[in-house]
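Peer 1: Here is a sequence with its predicted model. Questions after.
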Amino acid sequence: MSGDEIIESSLRRLAPTPARLDPITAAFAAGRRVQKRTTRLWQTVCVCLVLITAAIGRTTPRHADLATSPPLAVIQQAPMMPSEQSLLMLQRDIGEKGIDGLPEEALPPAQPASSANLF
């Protein structure tokens with residue numbers, strides 16, 4: 001037998017090993033690829049929004065420009081008195097009367113606890 005025949009017979013006996021696909025590894029790799037794409041997408045969107053906001057901020061008039069321009073319309077409204085239960089009125093009463101300016105407690109009457117009330 002010659003050297004070529006030995007090689008040919010050896011190659012004929014060789015069989016390729018079946019491909020072993022690990023489903024968990026394949027799913028993990030696919031998830032990483034998708035995650036990279038979506039991460040880049042929202043990063044790109046954020047950068048675009050920052051650039052748009054910066055461009056708009058440079059083109060809008062400043063407060064000094066608004067102060068020198070004449071008002072477009074003057075709206076007069078009668079001053080409204082806040083309700084007696086507003087925070088503003090509570091602060092005013094406490095400032096004038098101290099702790100006595102706090103309102104009276106408005107708690108419902110206490111009921112005795114029993115197991116019949118639970119169910």
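Peer 2: Sure, I can see it.

Peer 1: Name the secondary structure element that contains residue 105.
Peer 2: Using DSSP states H and E, residue 105 sits in no helix or strand.

Peer 1: Give the next helix or strand downstream of the helix or strand bottoming out on mean pLDDT in the chain.
Peer 2: Sorted by mean pLDDT, DSSP states H and E, the helices and strands of the chain end with helix 63-68, the least confident at a mean of 59. Later in the chain than helix 63-68, the nearest helix or strand by DSSP H and E is helix 87-97.

Peer 1: Quick one: list the elements packing against that next one.
Peer 2: If you count contacts as 3 or more Cβ pairs under 8 Å, 6 or more residues apart in numbering; DSSP states H and E, helix 87-97 packs onto no helix or strand. (Each C-beta comes from the backbone N, C-alpha and C, glycine too.)

Peer 1: now what about it, what contacts it?
Peer 2: Helix 87-97 is contacted by residues 82-83, 101-103 when judged by Cβ atoms under 8 Å, 6 or more residues apart in numbering.

Peer 1: and which of those residues is nearest residue 52?
Peer 2: When the contacts of helix 87-97 are ranked by distance to residue 52 (Cβ to Cβ), residue 82 comes first, at 40.4 Å.

Peer 1: distance of that closest one from residue 89?
Peer 2: To residue 89, residue 82 is 5 Å away according to Cβ to Cβ, to the nearest Å.

Peer 1: neighbour count winner among the two?
Peer 2: For residue 82 versus residue 89, the count of surrounding residues by other Cβ atoms under 10 Å is larger for residue 89: 15 against 11.

Peer 1: Next one: the more buried one relative to residue 52, how far apart?
Peer 2: From residue 89 across to residue 52, the span is 44 Å (Cβ to Cβ).

Peer 1: Same check on residue 72?
Peer 2: 27 Å.

Peer 1: max-length helix in this structure?
Peer 2: Counting by DSSP state H, the longest helix found in the chain is helix 23-59.

Peer 1: low-scoring stretches of the protein, by residue?
Peer 2: For the chain, the stretches with pLDDT under 70 are 1, 60-71, 118-119.

Peer 1: Fine, thanks again, bye for now.
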